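Asks: Attaching a predicted model along with its sequence, questions to come.
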Amino acid sequence: MASTSSRGSGSWTAKQNKSFEKALAVYDKETPDRWHNIAKAVGGKTAEEVKRHYDILVEDVKNIEDGQVPFPNYKNAGASSQGELTGEEQR
C-alpha cells in the first residue's frame, strides 16, 4: 500500500521506503552524488524527490524530538489489571 505525504513528496510504497532507509545507511553525507545513488537504489524516484523525502523525514524527527508530536493513545487491551505487559506485548 502506498503512503502519501501531505507535503508533496508524492506517493511512496513500503518497498520504496525500505529501500530508501537502506540506501541512507549505505550512502552517507560524504558520498558524491548521494541523492542520485539513493534514487537509483529506491527506483522510480528522482534525486530531487529522494532529497525532498529526506528533508521531510528530518523535519518529522526534529518535531518528534522537540515533543511537538503527541504520543498515540493505545488501548491496553492485552495488559493485566496490574499494568504488566503480557508475554505477547513484551516481544
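Replies: Great, that's in hand. Predicted model only: the values in this text are computed from it and were never measured. Residues are numbered from 1 along each chain as shown.
Asks: Leaving out sequence neighbours, find the closest residue to Val26.
Replies: In this structure, Val26 finds its nearest non-sequential neighbour in Ala41, 7.4 Å apart by CB to CB, 6 or more residues apart in numbering. Just so you know, the C-beta spots here come from the backbone N, C-alpha and C atoms, and that holds for glycine as well.
Asks: just checking, what packs against the helix or strand hosting that neighbour?
Replies: Using DSSP states H and E, the element containing Ala41 is helix 34-42. Here helix 34-42 touches helix 14-26, helix 47-65, going by 3 or more CB pairs under 8 Å, 6 or more residues apart in numbering; DSSP states H and E.
Asks: Asn73 is nearest to which of the ones you listed?
Replies: Across the helices and strands packed on helix 34-42, Asn73 has its closest neighbour in helix 47-65 (16.1 Å, CB to CB).
Asks: So what's the gap between the closest one and the chain middle?
Replies: Using CA atoms, centre = their mean, to the nearest Å, the mean C-alpha position of helix 47-65 is found 9 Å from that of the whole chain.
Asks: quick check: angle from it to helix 14-26?
Replies: Counting by axes from the mean of the first three to the mean of the last three CA atoms, to 10 degrees, helix 47-65 lies at 80 degrees to helix 14-26.
Asks: Which positions in stretch 27-46 come out as buried?
Replies: Neighbour counts using 16 or more other CB atoms under 10 Å place Tyr27, Arg34, Trp35, His36, Asn37, Ile38, Ala39, Ala41, Val42, Lys45 of stretch 27-46 among the buried residues.
Asks: Per-residue pLDDT of Ala47, please?
Replies: Note for Ala47: predicted pLDDT of 97.
Asks: before we move on, back to that, quick one: which of the helices and strands packed on helix 34-42 is nearest Asn76?
Replies: Smallest distance to Asn76 across the helices and strands packed on helix 34-42 (CB to CB): 22.2 Å, for helix 47-65.
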